[in-house]
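K.L.:
What follows is a predicted protein model with its sequence.
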Amino acid sequence: MELLKSSLHQIKPLYEDKIQEAWQRIDNLTKPIGSLGTIEKIAAKISGITGNLVNDFRKNIVIMCADNGVVEEGVSACPKEITKIVTQNFTRGITGVCVFADMVQADLTVVDIGVDAEFNNPKIINKKIMWGTKNMAKEPAMEYKEAVRAIEVGIEIVDELVKKGYNLIGTGEMGIGNTTTSAAVLCALSNLEAEVVVGKGAGLTDEQHKHKIEVVKKALYINRPNTKDPIDVLSKVGGLDIAGLCGCFIGAAKNRVPIVIDGFISSAAALCAVRLNPLIKDYIFPSHLSAEPGARYMMKEIGLEPMVNLNMRLGEGSGCPFAFFIIEASQKMMRDMGSFEDANIVNDFLIDIREEKAI
């Protein structure tokens, strides 16, 4: 608990002076004011995080892998053994996140934080807290102290990555049944109804979808999570993967490095982190709008907007490489785009553009 408390305490606001300095540079680049939209906002926010106008990034996607006891309730079309198989496949370089990460030269950190299987693979970091959570439809998914420990694993992982020189983090996960746990977490923290946020996950039928909604309702009714305490919510209706990623968001903000949300599950983790310390929001960049129905509500609760909408719902961290590309594009703009002075654009034209912005 001490690592969690100290990490939350160390998180500081963005450097407002650096944000203003970045906007001065952005608004003096040879383009109409605001014409690069979100890319400009990303560049200014990055400067507020790092304190630098231009940044070079070494990128890493942390993938938290864990099983969920609620799978016993038939909430997924996939057997839970898929968690183990895909966790292994991350180290073979053949999954969606692997190929996209390779495209943008990002590394992967695969963490076993609670898979119900044993690995003999040096490429998988063993941080196992439990052999999968308990069935939240019958009892709390885990003990409060186990949720805290999972969060602290995420903090430790990011601390180590920062020490190794990584300064742009992505978040991914693997765990059959984790759209169910994520939906339950969102319901608990938002008071939204399960019918609104529970999706079909990995290909459920309409009848199975109805059952999944009832399972989420049952888990919330039985466990009565404290909606004012995100850790209590995680322990009762969450998952080890979500808790571990929550720690990653805390660790990134603590270390002043930008961190990217992938989809629905990592959004649940981000929401928990922001509820623990609202300053964490300023260090987060959502990559894409997941096709899960609860995704837009998750973004609304966090107070951020995703960069793109590609109708993706793979998970794994597969959306992060696309966000990495856009973030690095913002730095390319800051580094290489000429100013009005560089382009020999007359001062009268510059004045007209700035007056138009003011209007």
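P.N.:
Perfect, thanks for sending it. Numbering: from 1, shown residues only.
K.L.:
distance between the strand or helix carrying Leu234 and the chain's centre?
P.N.:
Secondary structure assigned from DSSP states H and E places Leu234 in helix 230-237. Relative to its parent chain, helix 230-237 has a centroid offset of 18 Å by C-alpha atoms, centre = their mean, to the nearest Å.
K.L.:
Beyond that helix, next helix or strand please.
P.N.:
helix 240-254.
K.L.:
following that following helix, which helix or strand shows up next?
P.N.:
Using DSSP H and E, the helix or strand that follows helix 240-254 towards the C-terminus is strand 259-261.
K.L.:
Ile125 and Phe119 touch, don't they?
P.N.:
No - counting by C-beta atoms under 8 Å, Ile125 stays clear of Phe119, with 9.7 Å between them. For every residue, glycine as well, the C-beta is placed using N, CA and C.
K.L.:
what's the single longest helix in the chain?
P.N.:
If you go by DSSP state H, the chain has its longest helix at helix 144-163.
K.L.:
Write down the beta-bridge partners of the residue positioned nearest the centre of the chain, one by one.
P.N.:
Central residue of the chain (C-alpha atoms, centre = their mean): Ile261, 2.5 Å from the mean position. On the basis of DSSP bridges, Ile261 is bridged to Pro286.
K.L.:
OK, contacts around it?
P.N.:
Thr171, Ser267, Ala270, Ile284, Phe285, Pro286, Ser287, Leu304, Pro306, Gly319 (C-beta atoms under 8 Å, 6 or more residues apart in numbering).
K.L.:
Among those, name the ones in helices.
P.N.:
If you go by DSSP H, the contacts of Ile261 have Ser267, Ala270 in helices.
K.L.:
Just give the nearest non-adjacent residue to Glu152, would you?
P.N.:
The shortest distance from Glu152 to any non-neighbouring residue, by C-beta to C-beta, 6 or more residues apart in numbering, is to Leu3 (4.7 Å).
K.L.:
May I ask you to confirm that that neighbour belongs to a helix?
P.N.:
Yes - if the criterion is DSSP: H, G, I helix; E, B strand; the rest coil, then Leu3 is within a helix.
K.L.:
can you tell me how far it sits from Ala252?
P.N.:
Using C-beta to C-beta, to the nearest Å, Leu3 is found at 15 Å from Ala252.
K.L.:
show me the contacts for Val196.
P.N.:
Pro293, Gly294, Tyr297.
K.L.:
Report the residue spans of this structure with pLDDT below the cut-off.
P.N.:
Across the chain, the ranges flagged by pLDDT under 70 are 345-359.
K.L.:
the domain parsing of it - what is it?
P.N.:
Per automatic domain parsing, the structural domains of the chain span 2-54+333-358, 59-328.
K.L.:
Return the distance of the last one from the chain's centre.
P.N.:
The chain centroid and the centroid of domain 59-328 are separated by 7 Å under C-alpha atoms, centre = their mean.
K.L.:
Let me know the secondary structure of Thr109.
P.N.:
Assignment for Thr109 (three-state DSSP): strand.
K.L.:
Report the spatially closest residue to it, excluding sequence-adjacent ones.
P.N.:
Closest to Thr109 by C-beta to C-beta, 6+ apart is Val62, at 4.7 Å.
K.L.:
Gly247 versus the one you found, what's the distance?
P.N.:
Separation of Val62 from Gly247 (C-beta to C-beta) stands at 10 Å.
K.L.:
Which positions in stretch 219-226 come out as buried?
P.N.:
Residues of stretch 219-226 classed as buried: Ala219, Leu220, Asn223, Pro225 (neighbour count, 16 or more other C-beta atoms under 10 Å).
K.L.:
Cool, thanks, talk later.
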